[in-house]
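Engineer: Give me the fold of what follows.
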Amino acid sequence: YTDALVVPVSLPNTPSILYKIRASTLQLYGQLELRKRRDAEIVQAIAMDQDKRQANLLIRHGRQMVLTRILLMSVMRIEPTAADVVGGTLTTIIGEGFVPSDAVHCVFEGGALSQPATYLSPTTLLCLTPMINASSRCQGNPVEVTLTKGVITASRIGQR
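Structural biologist: Sure, this is the predicted structure:
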């Protein structure tokens, strides 16, 4: 589904860093440093949930254990970058971690509107834009993806 490896690195008394590595080339292409408030956040365990396309992280923060998630899918680019407000623009979603499913949808207007998406590959989806509120004044709205109910990307890649 994805060509990504998520590798946590923890050093004494410093927050863990999650590195995103392209499995086929071992090229680093993303990282997330956990926070240090009073105590460093240290990854204790990772459990992958392929159905929901997320990694569940068990993080130690001082004496507390916290369960959090990171998505294994994301939107990286949208083509075209502009769409007609009356809807019907065929939009290509370029990203990673997409899987074929009847639940694949493109999500518009902060989740208020969604359209079924056509799965082409783990990195490409197609969808038609819906009619949207023209009062957005050409500022654009993020187009997100959902593969399962309640799990939506937060990539914030906009389309005008």
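
Engineer: wait, what's in contact with the closest residue to K36 other than its chain neighbours?
Structural biologist: Using Cβ to Cβ, 6 or more residues apart in numbering and skipping the chain neighbours, the partner closest in space to K36 is P15 (4.7 Å). Yep, even glycine has a C-beta here, placed from its N, CA and C like the rest. P15 sits next to E33, L34, R35, K36, A40, E41, I42 when contact means Cβ atoms under 8 Å, 6 or more residues apart in numbering.

Engineer: distance of C106 from P130?
Structural biologist: 9 Å (Cβ to Cβ, to the nearest Å).

Engineer: For these two, list the residues in contact with both.
Structural biologist: Taking Cβ under 8 Å, 6+ apart as the contact rule, C106 and P130 both touch S114, Q115.

Engineer: Can you pick out the residue with more neighbours from the two?
Structural biologist: Between C106 and P130, counting by other Cβ atoms under 10 Å, C106 is the more crowded of the two (25 against 18).

Engineer: The more buried one contacts T91, correct?
Structural biologist: Yes. With contact defined as Cβ atoms under 8 Å, C106 and T91 form a contacting pair (7.0 Å).

Engineer: which neighbours do these two share?
Structural biologist: C127, T129, V143.

Engineer: Which of the residues you listed sits closest to Q64?
Structural biologist: Of all the shared contacts of C106 and T91, Q64 sits closest to V143, with 36.1 Å by Cβ to Cβ.

Engineer: Tell me if I'm right that that closest one and V107 touch.
Structural biologist: Yes. With contact defined as Cβ under 8 Å, V143 reaches V107; the gap is 7.2 Å.
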